[in-house]
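Q: Here is a sequence with its predicted model. Questions after.
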Amino acid sequence: MIRDPEILILGAGPAGVGAALALADHGVRALVVDSGFAAGGQVYRPMPDTFAPNGTPGLGPDQEEGARQRRLLADSGVATAFGRLVWSIGTDLRVDALGPDGPEFWRPKGLVVAAGATERVVPFPGWTLPGVMGLAAATILLKSQCMLPGRRVVVAGCGPLLFAVANAVVKGGGQVVALADLAGPGTWLRAMPALLGRPGDLLQGGAWMARLAAKGVPLMFRHTVREARALGAGLKVSLGAVDANGRPMRPARDRTLEADSLVVGHGLIPSTEALRLLGAEMYFDAEAGGWVPRLDDDQRASRAGLYAAGDGTGVRGAVGAFLAGRIAGLTAALDLGRIDAGQHARAAGPLRRRLAQARRFGRAMSRLMAPPSGLYDALDAHTVVCRCEDVTRAEVNQALESGAADVNQLKSWTRCGMGPCQGRMCGDTVAQIVALRTGSRAAAGAWTARVPLRPLNVEALAGDFDYDDIPLPTAAPL
Amino acid sequence: MSVNDKARIPGGETFDAAVVGAGVMGATTALFLARGGMRCALIDAGGVCREASGVNAGTLTLHMTRAALIPYAMRGWDMWKNAPDWLGGDPGVCTTDGLSLAFTAQEAALLEERVEARRAQGAPIEIVTASRAREIEPGLTDDARLVAHCPMDGYVTANLTGHTYRRALVEAGVRLYENAPVTGIEAGDGGFRLAMAGVAPRARRLVLAGGVWLEDMLAWLGLRIPIKALVNQLIVTERVQPVMRSVLGIASGLLSLKQFANGTVLVGGGWQGKGDRARHTTEIVPDNLIGNLRLARYVVPALAETRIVRAWLGFEAETSDALPLVGPLRGIAEAYAIGCVHSGYTSGPYFGRLLAQRILGQEPEMPLFDADRLLATP
C-alpha cells in the first residue's frame, strides 16, 4: 500500500476498478480503498479465497466479469487497501479509515467516489422479522457464500433482481413458493425496446423466466406482500393484488403462504453520503434512484478534485459504472496534467458512446426497479418505518402534524434515522412520506450527512493508549 | 424616515416585540413576553432550536459553568427540572449527579481551584473519596486521582427541546416565522422594521438572540461587538446496556459524558471542529474525534465495546471576556441582545426570563450583563 496517493478511489466495484485502470494507464499514483476483502463491489462480489464450494449456484456470467476485473486491477499495479472502513472525508480531502491496524488516513489531491448503491425495501407489517431479507442481501448470500436464503422462499418486490434471485434459488436446489412482482407483464414489454440494446441480458432474463415457469414457480404479476408473520421458525406471508400504481386491490383474494424466508426488495438507491459530506451539489432524480450529484460530462462533481462514477451517481448498472469509472480516471489524469485535452477527448469519446448505450439499458432497468407510489399509501399507521429506533408511520405523521417541515427536523423529533443503520434503511421511505406533505422530494430534503460514514467500534478507533496519549486541548475558562 | 412611513409591504404587521433567533434564549424571552401580554414575533432562519439549542450537549452542569454564573445556572437548573410547570412539557430533562475528575497532579490542582471558586458562589460541589465516587458512578474507572461531586447536574435531550418549545410558543400566541432569514433591520422613531423575504414585520421592541450570528445582527444596528464562534464536537453511540448513571466531566472541562434513557451515550466537552458561520458549514477534525473518544473510553471503560454512530458540531458564541451579553443595547431605545452565556443550556431559560422581566418593565431578579463593556471603541 502507498502512503501518498495522488488520487484515492473510494470503492472497488466496477466504477472504482474502471477509474483505477484509467489512472494506471497514465502513470497516476492511485489507491483503491474498500471495506471488502477484494475488488468487485456488490455486483461482482467474490467468494472468500478459503472457500471451495461444490458447484456454484451463482448468478450468471457476473462471476466471470468480476474475476476479469480483479485480474485487470492486479495487473495494473494500482495500490489497494481492502478491509478499510472509510469514516471521514474532510473538505481538504483528508480521508480517514479504520483498518485491521487501526485508524489511518491519506491526503490525496483528488478523490473518485465510486460508492455504489444501497438496497431499498418499502416497509410492510412484519418486514423486520427474522427470515425477511432484501433481494440484494440474498444475492450476497448466493454469490459469496453459495448459500440459499431458505429452502422454501417467497421472492417479492420489483425489478430484474426478482428473477435473478428466484432463478438462483431454484438452481441451488431451493423452492420458490411464489414470485410476486409489482409490475405486470405489460411493464416488462414496454421496457423491451430499451432492453433490446443489451440482447445478452434480455436473453438471460427470458431464460430465467422460462426456467421458473418450467419449474412450476407461481409467477404472480401485479402482486405485493401485504404482511409477514412469524410461524414457528418460519414465516406466513400474505400476498395480494395491486393496481398499476401499487395500491391494494381485491383484498378478499389475498393468499397466505408458508415459507422459510421472504426475500423482498424495491430497487436500489445511490449511496451519496460521502458526496453530501463534502457538500457536493445534489439534485433529486427519481428515475436514477434518488438524490444524485450534479456532474459534468467528464464525471467531475461540483468541487475541485472531486469525481464520481457508478451507481452512486444514479443507478445505471455495472456496465455503465465501469465505463463511467474509466472516464472519471481519465479526467483526474487530465486535471493532474498527465494527459492533455486532446488525449482525454480521444480516449473518453468512445467510452462515452458506449456509456450512453449502457445508460439507456440502465434507465429501463431503473424504471422497473422504482417502487410505485401506491406502496407508500398502503403503509398503515402501525407499520414500523425506522427499524433501528422502532418509529412507526403514525409517529412520523404526528411529527409532521406538529410542524416538522423536512426530514432532518423529523429525525430530530422522532429519532427516525438515528440508529446504527444511520438512516440508510428508512431514509427513502421517510422522505417519501414527508414529500406527501411538502409536495416534493426536493422540499422534503435529505438527511444531513454525518461522520462516521459507518458505525465504528470505540475500542478499534481509540486503540491502545495511556492518559498522556490523549491530546487534551487547553482548559475552558474558570 | 420613520418606521410608519414604510409600512406598505403586505404582511407588514406590527408587534410589541420581535425576537430574532429561536434558540433556547430567544424562545424563552418570547414565551415570557407573550405571557406578559405582549404581541410577540419569533423569527428564525431555520426552525425552533435547530442550532446550538438543538444540537449541543444539553448538559445541565455547575462543574463547567463559569464561577460568576453559578447563581444563574442554579436557577436555570431549577427551571429545567420543573419544565412542565412553565414550558408545558418535558424535553427529556434528567437531573442526576455530576462528577468532575482529575487524573494528573495538575488536573487535581485545577479541580481544587475550580471547586473552591464555585462553592464560593453557592454551588453545592464537594470533593469526595474514590469509594464514594464509585458508589455514585459504578461505571467509573479506578484511575481517578481526585473527584468532585455535585448533586445538581443532569441534561436536557437537546433534540427534543425544539419540539417542546414550539408547542409552548404556539400556545402562548407567539407568532412564529420559521425558515425566515432576516436580512437587515432598520431602526426608526417608533421601532424597528425587519427585512425578510416577502414580509416586513415591524416591532416596537427588538431582541437579538442570534447565537454566533449576533455579531452580524448587531452590525445591522451599527454596533461592533466581536463574537467568537466555538465549534463544539459531539459524538453519540448506538443504544447500549446501562454503562453509567451520572454526568461525567474532567477538571479542565474537556469532557461531558452521559447516557440517555434510550441507551445512547453522548460524548462532548468542547473539543473543536472546523466551522464557518457565514457559510453555515461545519466539519469534524478526525484527530479531535479520536482524542475525545479516548478520553471517554478512559473514564468509562465499558464504552470500549460500543459503536459510535454519529458525530456533529454545534456553534457556541463567546464574547471577548467569555461572560454573557444579556441586556439593553446602548443608544438604541428598546433594543436588546441575549446570548453568549457560557454553559448556556443550564442558564439559558433563566436569562430569557430575566430579559423578559426587564423588557416588561419589571426589575429583573438578578443583574443582567450589559453590552457596554463589550462595545469596541471606534
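A: Now that the structure is in, tell me what you want to look at.
Q: what is the rounded mean pLDDT of the lengthiest strand in chain B?
A: Ranked by residue count under DSSP state E, the longest strand found in chain B is strand B:307-318. For strand B:307-318, the per-residue pLDDT values average out at 96.
Q: do stretch B:255-267 as well
A: Throughout stretch B:255-267, pLDDT has a mean value of 95.
Q: Give me the contacts around it.
A: A:415, B:57, B:59, B:61, B:64, B:92, B:94, B:101, B:155, B:157, B:234-249, B:268-270, B:292-293, B:295-296, B:299-300, B:303, B:306, B:308 (CB atoms under 8 Å, 6 or more residues apart in numbering or on different chains). No exception for glycine: its C-beta is placed from N, CA and C like everyone else's.
Q: 6 Å - rerun?
A: Judged by CB atoms under 6 Å, 6 or more residues apart in numbering or on different chains, the contacts made with stretch B:255-267 from elsewhere in the structure are B:57, B:59, B:155, B:235-237, B:239-240, B:244, B:247-249, B:268-269, B:292, B:295-296.
Q: Just the ones in strands from those residues, please.
A: B:Y155, B:I235, B:V236, B:T237, B:V247, B:L248, B:G249, B:G268.
Q: Tell me how far the biggest helix by length in chain A lies from the chain's centre.
A: Secondary structure assigned by DSSP state H gives helix A:341-369 as the longest helix of chain A. Using CA atoms, centre = their mean, to the nearest Å, the distance from the centre of helix A:341-369 to the centre of the chain it belongs to is 20 Å.
Q: Please apply the same query to stretch A:192-206.
A: Stretch A:192-206 has its C-alpha centroid displaced from the chain centroid by 22 Å (CA atoms, centre = their mean).
Q: Then stretch A:134-147?
A: Using CA atoms, centre = their mean, the offset of stretch A:134-147 from its chain centre is 14 Å.
Q: A:A230 bridge partners, please.
A: The partner list for A:A230 in beta bridges (DSSP bridges) reads A:L235.
Q: Quick one: residues in contact with the helix or strand harbouring A:L189.
A: Secondary structure assignment for A:L189, by DSSP states H and E: helix A:185-195. Helix A:185-195 has contacts (CB under 6 Å, 6+ apart) with A:L202, A:F221, A:R360, A:A364, A:L368.
Q: let's see it at 7 Å
A: Under the contact criterion CB atoms under 7 Å, 6 or more residues apart in numbering or on different chains, helix A:185-195 has outside partners A:L202, A:F221, A:R360, A:F361, A:R363, A:A364, A:R367, A:L368.
Q: That one to helix A:341-369, inter-axis angle?
A: Between the axes of helix A:185-195 and helix A:341-369, defined by axes from the mean of the first three to the mean of the last three CA atoms, to 10 degrees, the angle is 170 degrees.
Q: tell me which residues of helix A:185-195 are tucked away?
A: Buried residues in helix A:185-195, defined by neighbour count with 16 or more other CB atoms under 10 Å in any protein chain shown: A:T187, A:W188, A:A191, A:A194, A:L195.
Q: Could you do stretch A:384-397 as well?
A: So, applying 16+ other CB under 10 Å, buried residues of stretch A:384-397: A:V384, A:V385, A:C386, A:C388, A:E389, A:V391, A:T392, A:R393, A:E395, A:V396.
Q: Let me see the contact set for B:A337.
A: By CB under 7 Å, 6+ apart, the residues touching B:A337 are B:L208, B:L214, B:L218, B:L325, B:L329, B:A371.
Q: just checking, it is part of a strand?
A: Yes: counting by DSSP: H, G, I helix; E, B strand; the rest coil, B:A337 is located in a strand.
Q: list the contacts for the one residue in the stretch 151-300 of chain A that gets nearest to chain B?
A: Minimum separation of the stretch 151-300 of chain A from chain B (CB to the nearest CB) falls at A:G279, amounting to 6.7 Å. By CB under 7 Å, 6+ apart, the contact list for A:G279 reads B:T281.
Q: what about the least confident helix or strand in chain B by mean pLDDT, near chain A?
A: In chain B, the helix or strand scored least confidently by mean pLDDT, DSSP states H and E is helix B:52-55, which has a mean of 89. Yes: using CB under 7 Å from any CB of the partner chain as the criterion, contacts between helix B:52-55 and chain A involve B:G54.
Q: which residues sit against stretch B:134-152?
A: With CB under 7 Å, 6+ apart as the test, stretch B:134-152 has contacts from B:62-63, B:74, B:77, B:97-104, B:108, B:111, B:115, B:123-128, B:130, B:133, B:243-246, B:248, B:298-302.
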